[in-house]
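> Let me see the structure of the following:
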Amino acid sequence: QSHQRNEMDDLKRLYVDLPHGGKVPLTELATVDHTQGAARISRDDTRRRVVVGVNVRDRDLQSVVDEIQNLIDSTIELPVGYSITFGGQFENLQRAKERLLIAVPLALGLIFLMLYLAFKSLRKALIIYSAIPLAAVGGVVLLWIRGMPFSISAGVGFIALFGIAVLNGIVLMEHFKELQNKEFESMDALIKEGAKDRLRAVLLTALAAALGFLPMAVSTNAGAEVQRPLATVVIGGLITATLLTLVVLPVLYALFLEHKKSGLSGSNVKWGSVIVLSLLGGHAMAQDTTKSLEELESMALLNNAELKTAVAKAETARALVVGAYNFDKTQLYYSYDQNNLAMNNKPLNVFGIAQDFEFPTVYFARRKVNKAHYLRETSLLDIERKKIRARLRQLFYRYQVLRQKEAIYRELDSLYKHFSQRAHRRFELGETNYLEKVTAQSTWKKMQVALQRAEQHVKMARDSIGVLVQAKEPFEIEGKPPVKLLLSPVQFENLPEMTYLEKSITHKKAQVGLARQAFLPDVGFEYFQGTNSNLGDHLYGYQMGIKIPLLFSGQRARLRAAKQQQMATMAQSNLAQIQLQAKYQMLLSKLENHKKYLAYYETEGNKLAEEILKMAEIGFKNGEIDFFQYIQSIGNAQEIQLGYLDELHNYNKTIIEIEHLSFN
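Coordinates of the predicted model:
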């Protein structure tokens, strides 16, 4: 303190030189005092910086920083101009992660490119490349077993692992390629021989790399925190990658590669591939068989027999488009007639070929008819798809409503069962009369019947969906609570029914055009050669002609009939459009009524039902109401809940009918 006091006295005795001459004591320009302050002030971009150091042990940096950030966000309000940033090793981690986001995809891409350049085959490259995902799984699993977090060194280990993992695949694939030039009875024999020949090489390759990284994996010296994650990733990945190489790679080889030159059959291997792939990945898929509406719709469009029939009809019509160019059979003939004598009074041996053609424009007109028919069948196919979607949506939302009703009945059944037992006990104790006991039992039995009926309805709805979907495997239906659907605007010009009407008119017009073509003449061509023992073999001739329809009264009637069919189709189209518009307006009015009723339940009814149930429960427990009043209150609340579900079902059903507007 005496030293500080002396320094203060010395400062106070200092003089400051003025610019224009003279001196002024420092005490007149500033107040000199001794206070506590920062020993060092650091700045970044002219802003003061205060460093708080944290050492992290037995945890990863990312989770620690996330936890600190959450605490700061929830407990500290920074003044204006203040900010908190994380530096040090965490900043290095962020930079390294950004580099890995570039390095890892680049390494994967280069590995695949080199595999493709080595084998000149996309399939073979992909088969070997499949070792990388399973190798990554092994690395992650071993990190988790050892309790190590993901770090930059682990990321580098994954890059090294990906390169090592494909080596065994290359060794095995090259040997399979060599064995294709030899004779084997089947693909099974080739794969077994190849895997047996390269078993030692594959195991030694993986074992050498794994043992090389083993000292790093168990190291505890300085820098071991960097070495251990890298070595752990490589060792764990090599274990699963070796399994892939010895088991799955031969299966994929037999499943996706065809060997036409060797004529090998791999049916047994392919059956084995199904089993192996099922063991590796099928278990997880088999666990979840619950299907949403979108999944059920995809299954129905794929499996429904009615839709398959419509698809077959459309494909048949498509095949007939090319069949429009249908020519008459070519006639090959031989003629020998003793009445047809040459100049040497000997008959000719005549060989000839004859072909009749319709007028060329007839074929184009017939193709136009067949194409219009195909487009009409395509429209019918779209209509059939639309009907299946609409039917499935109605069944799906009805199933959800029935499930909700079943839950209500089940809850009421449990409630009535409980009070029936209580009423029976109270009757035994003499606290109530026989009428209350019998009424409680009969009400419970009645609810049991209602519950069984609800369960049966749910089962029937599930079966109806199954009949429509026609899935090959059993499945469950998503049982979420029913929701209120939203109406999407209907665009009449995009309806498949309108397209069908347009295509029907086009088809009839094309048929009229084809009927007109029948008045055109047919064309015939004939070429023949004759032989004679004296005159030689160079006698030839040809004949061309046309067939003119002179008696065409029947064809004129067919043309008239085609025109009448065209007019009838146009009239039916206009009528169908009017009916669609009328049905649309009728459904809108129907929807408006359901909307009003549903609004009552949403705003008042459901809340009222909850309040009735709540007050009835309290009143009955407190003795304010008797059993009969309680039963009546429960019944009223039940009617409101069930009424809401019925109205919701009717509303959603009308929405679906509007969005899938159709003729019937």
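> all strands for the stretch 151-300 of the chain, in order.
Listed in chain order, the strands of the stretch 151-300 of the chain (DSSP state E, counting those that start in this stretch) span 290-291.
> same deal with the stretch 351-500 of the chain?
Going by DSSP E, counting those that start in this stretch, the stretch 351-500 of the chain shows strands at 476-477.
> do the same with the stretch 501-650 of the chain
Using DSSP E, counting those that start in this stretch, strands in the stretch 501-650 of the chain cover 522-532, 536-547.
> deepest of these, which one?
Of all those, strand 522-532 has the most neighbours on average by mean count of other C-beta atoms under 10 Å, namely a mean of 16. Bear in mind the C-beta positions are built from the backbone N, C-alpha and C, glycine included.
> what about it, distance to the chain center?
Strand 522-532 has its C-alpha centroid displaced from the chain centroid by 64 Å (C-alpha atoms, centre = their mean, to the nearest Å).
> ditto for stretch 139-155
32 Å.
> Could you check it and say which residues are buried?
139-140, 142-143, 148, 150-155 (16 or more other C-beta atoms under 10 Å).
> TSV please, covering the strands of the stretch 501-650 of the chain and showing distance to Pro347 and mean pLDDT.
Putting the strands of the stretch 501-650 of the chain into TSV (distance: least, C-beta to C-beta, whole Å; pLDDT from 0 to 100) gives the following:
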stretch	distance to Pro347	mean pLDDT
strand 522-532	8	84
strand 536-547	12	79
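> got these as JSON lines, with distance to Lys97 columns?
Converted to JSON lines, the strands of the stretch 501-650 of the chain look like this (distance: least, C-beta to C-beta, whole Å):
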{"stretch": "strand 522-532", "distance to Lys97": "79"}
{"stretch": "strand 536-547", "distance to Lys97": "84"}
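> Can you say which of those strands is nearest to Val350?
Taking C-beta to C-beta, strand 522-532 is the member of the strands of the stretch 501-650 of the chain nearest to Val350, at 4.7 Å.
> Name the residues that touch the closest one?
335, 342, 344, 346, 348-359, 537, 539-547 (C-beta atoms under 8 Å, 6 or more residues apart in numbering).
> switch to 10 Å and redo it
Strand 522-532 is contacted by residues 328, 331, 333-335, 340-344, 346-360, 362, 536-549 when judged by C-beta atoms under 10 Å, 6 or more residues apart in numbering.
> Repeat that for stretch 210-220.
142, 146, 153, 157, 160-161, 164, 223-239, 242.
> Which positions in it come out as buried?
Neighbour-count burial for stretch 210-220 flags 210, 213, 216-217 (criterion: 16+ other C-beta under 10 Å).
> how about the residue minimising distance to the centre of the chain, what does it touch?
Most central in the chain under C-alpha atoms, centre = their mean is Glu295, positioned 8.0 Å from the mean C-alpha point. Going by C-beta under 10 Å, 6+ apart, Glu295 touches 469, 471, 475, 477-478.
> Torsion angles phi and psi at Leu520?
phi -80, psi 150 (degrees, to the nearest 10).
> out of the buried residues of stretch 139-155, which one sits closest to Lys368?
Looking across the buried residues of stretch 139-155 and measuring by C-beta to C-beta, the closest to Lys368 is Val140, at 62.5 Å.
> Just confirm that closest one contacts Gly236, I think it does.
Yes: judged on C-beta atoms under 10 Å, Val140 makes contact with Gly236 at a distance of 7.6 Å.
> who's in contact with stretch 444-459?
398-421, 423, 477, 479, 634, 638, 642.
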